[in-house]
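> sequence and predicted structure below; questions after.
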Amino acid sequence: MHANQQETPPYQANSYYMACMRIGSKSDSLRREGQTWICSSGLASDVTIDIGDISFYLHKFPLISRSGLLEKLIGEFTSEDGSSCIVRLDEVPGGSKAFELVAKFCYGMKLEINPSNVVSLRCAGEYLEMTEEYGEGNLIAQTEAFFSEVFSSWTDSMQALVTCEEVLEQAEEAHVVSRCINSLAIKACSDPSLFGWPVSGQSKNSKEKSLWNGISSGSKSQITTADDWWYEDVSSLSFSLYKRLIKAVEARGMKPERVSGSIMFYARTNIPLLNKQAEKDTTKQGSEASTALLSEVDQGNLLEDIVNLLPTQKGVTPTKFLLRLLKTAMNLHCNPPCLENLEKRVGVQLDQATLVDLLIPNTGFALETLYDIDCVQRIADHFMKMQLGVSGTSSPITAEDGVQLINASESIASMTLVAELIDSYLAEVAPDVNVKAPKFQALAAVIPDYARPRYDAFYHAVDIYLKAHPWLTESEREQICRLMNCQKLSLEASTHAAQNERLPLRMVVQVLFFEQLRLRTQISGWFFLSDNLDSSQNRDQDEIVDQDRALVVAGDVRNRVSELEKEYQTMKKEIQKMTKTKKKWSIFSKMFARPKPRAQLIQPKSGLTKVQQSSLLKTQELENTKFTDLDGTNQN
């Protein structure tokens, strides 16, 4: 009576057919009238099963012959007035819908078991005690046999897992959830094209490429399967089930990049505020309909859980996505540990960020500044701590071990990128009149001097800031400008700084001094090169052509020297203009006292080579000469 009657194969291994199992042979005589189900078998009903507001008018014998629980409940029922037996089953898994199928099974009516109802039937069978003790091929045995076919297919396994949500507690007790997750994890970690598993995006003619059991027929399919083929399917799961699936694929050795990709897809699908295009996207109405009703509190809680689920390896999750998560978390007012977690994750790979991503709007209650500068400073601080931890020293250049030198070199390259990023960020926030000088200075000070090969970008940011804050005192301007290394300014930046009225006077003088020092060094270098070229007349005949070219270069050098001398004279005239008033003359006198004699020159630091010591002494001599020029005591 209950033997399988399969008109089609029980399992179809493609994305257009679900596995199904047909049992029973009798015609369906169960009909619904309003809120009641009646079995029209010709016999009067002698038992009523009430589930919620739905009533089933059935017969005792078919029920007690299959269910241990119903046998017990019906046997215990007593009626003084001789009325029919009434049993309430409000807690049956799957409710009245599942019990309808159970009743058909008990009567031997035709019934189709598929991935959409097998879980509720399995749980209902467990609840009603429909074991082999009450008949061979009972409901538990039938559903368990069908599970082996369900777990052979990705689509059927997903469908079964989704339906577990309705009867989660009973499905856990029957170990259905764990088996569904294990089945999905195995398939997600494998190449589906090798086994014919159905994946999203297959063409309709793909079913011709596989046999009914999923084994390839040998003909080559034109379908290419990407690593993200399973992302969309699992994004419809509740987070509790999704988290268990992610843990399962991680335990099976899935690459962190694929895990992170799935989590990012899940976050975009289920947190509308995370995706700017969520409201305009009409292609995924089915997956987003349930999330559109999520409150901000629920979205915030989900985001916190997603952050904790992300892989911790550096570079696995894109910095752009992490910063988007951080901005959304701020808007949703997530808890401080979540925000701190995201800031640290971004800090670890700040060298991969862009300026646009780093512009985090200020969402605090006291909206002093347009952008959240404090957050960026915390991120930058964490980056520097990580980099110094990698290099093992406050200055990566001093590392001696070979491996440390490689790490130090990579660390400096990363810090240089971050220095450029922070300088660009400072230029972006500089026009904000609400940015206080200490806050601007603190962020700029995060970057060490050796991480900035050039200070042009930082000078540009400082210039913008001083222009937008004309009320700053001379002391505040000097505090900001102290972070600038004038020796690392380009010629163009130095020329601009020397004529910049917004800079403090001390800063202008420093720029002029170092520019004159660099000018003299260049002149000496050009003359040295020219002398070497003039003394190379006794070479072999084969080098005559090279000598002619060198002489041409020497001519260009002399022209360059002439240009540099003109620039030097221009700088001297600028200095003379600044010394016209008594006040400015007094400042110059205090700043540039008579230079110390050679006997009092600072001794070279120990540990320098002879060449470095000699270079330092020459620099000090040029400095003394510069002071003399500024005083006007050595004018030609």
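Thanks, I have it. Numbering: from 1, shown residues only.

> list the buried residues of whichever strand or helix holds Leu70.
Element membership for Leu70, per DSSP states H and E: helix 68-76. If you call a residue buried by 16 or more other CB atoms under 10 Å, then helix 68-76 has these buried ones: 69-71, 73-74. (Each C-beta comes from the backbone N, C-alpha and C, glycine too.)

> any chance of those in CSV, plus distance to Val462 and pLDDT?
Below are the buried residues of helix 68-76 laid out as CSV (distance: CB to CB, whole Å; pLDDT from 0 to 100):
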residue, distance to Val462, pLDDT
Leu69, 81, 95
Leu70, 84, 94
Glu71, 88, 92
Leu73, 84, 92
Ile74, 89, 89
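
> make a markdown table out of those residues and add distance to Glu172.
Output for the buried residues of helix 68-76, formatted as a markdown table (distance: CB to CB, whole Å):
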| residue | distance to Glu172 |
| --- | --- |
| Leu69 | 20 |
| Leu70 | 24 |
| Glu71 | 26 |
| Leu73 | 25 |
| Ile74 | 29 |
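
> what is the nearest of the residues you listed to Pro337?
Nearest to Pro337, judged by CB to CB, of those is Leu69 at 47.2 Å.

> thinking again about what came up before, point out the other helices and strands that the helix holding Leu70 packs with.
Using 3 or more CB pairs under 8 Å, 6 or more residues apart in numbering; DSSP states H and E, the elements in contact with helix 68-76 are helix 60-64, strand 85-88.

> in the stretch 201-350 of the chain, which spans are helices?
For the stretch 201-350 of the chain, helices defined by DSSP state H, counting those that start in this stretch occupy the ranges 231-234, 239-251, 256-270, 285-288, 296-309, 319-331, 336-348.

> mean pLDDT for these: which is lowest?
Ranked by mean pLDDT, the helices of the stretch 201-350 of the chain bottom out at helix 285-288, with a mean of 43.

> now the helix or strand harbouring Ser409: buried residues?
Element membership for Ser409, per DSSP H and E: helix 402-429. Using 16+ other CB under 10 Å as the test for burial, helix 402-429 gives 404, 407-408, 411-412, 414-416, 418-429.

> now do that helix and helix 336-348, the angle between them.
110 degrees (axes from the mean of the first three to the mean of the last three CA atoms, to 10 degrees).

> so the helix or strand following helix 402-429 versus helix 402-429, what angle?
Next helix or strand after helix 402-429 toward the C-terminus (DSSP H and E): helix 437-445. Orientation note: helix 437-445 sits at an angle of 150 degrees relative to helix 402-429 (the same axes, to 10 degrees).

> I'd like the average pLDDT over helix 437-445.
The model assigns helix 437-445 a mean pLDDT of 94.

> only alpha carbons, please: show the helix holding Leu70 as PDB.
Extracted C-alpha coordinates of helix 68-76, given in PDB (Å, rounded to 0.1, in the frame of the first residue of the first chain):
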ATOM      1  CA  GLY A  68       2.200   5.800  18.800                       C
ATOM      2  CA  LEU A  69       1.200   9.200  20.200                       C
ATOM      3  CA  LEU A  70      -2.300   9.200  18.700                       C
ATOM      4  CA  GLU A  71      -2.800   5.600  19.900                       C
ATOM      5  CA  LYS A  72      -2.000   6.800  23.400                       C
ATOM      6  CA  LEU A  73      -4.100  10.000  23.300                       C
ATOM      7  CA  ILE A  74      -7.100   8.300  21.700                       C
ATOM      8  CA  GLY A  75      -6.900   5.400  24.100                       C
ATOM      9  CA  GLU A  76      -6.900   7.700  27.100                       C
END
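
> list the contacts of that helix.
With contacts defined as CB atoms under 8 Å, 6 or more residues apart in numbering, helix 68-76 is touched by 47, 60, 63-64, 85, 87, 127-131, 133-134.

> from the residues you listed, pick the one nearest Phe265.
Of the contacts of helix 68-76, the one sitting nearest to Phe265 (CB to CB) turns out to be Tyr127, at 36.2 Å.
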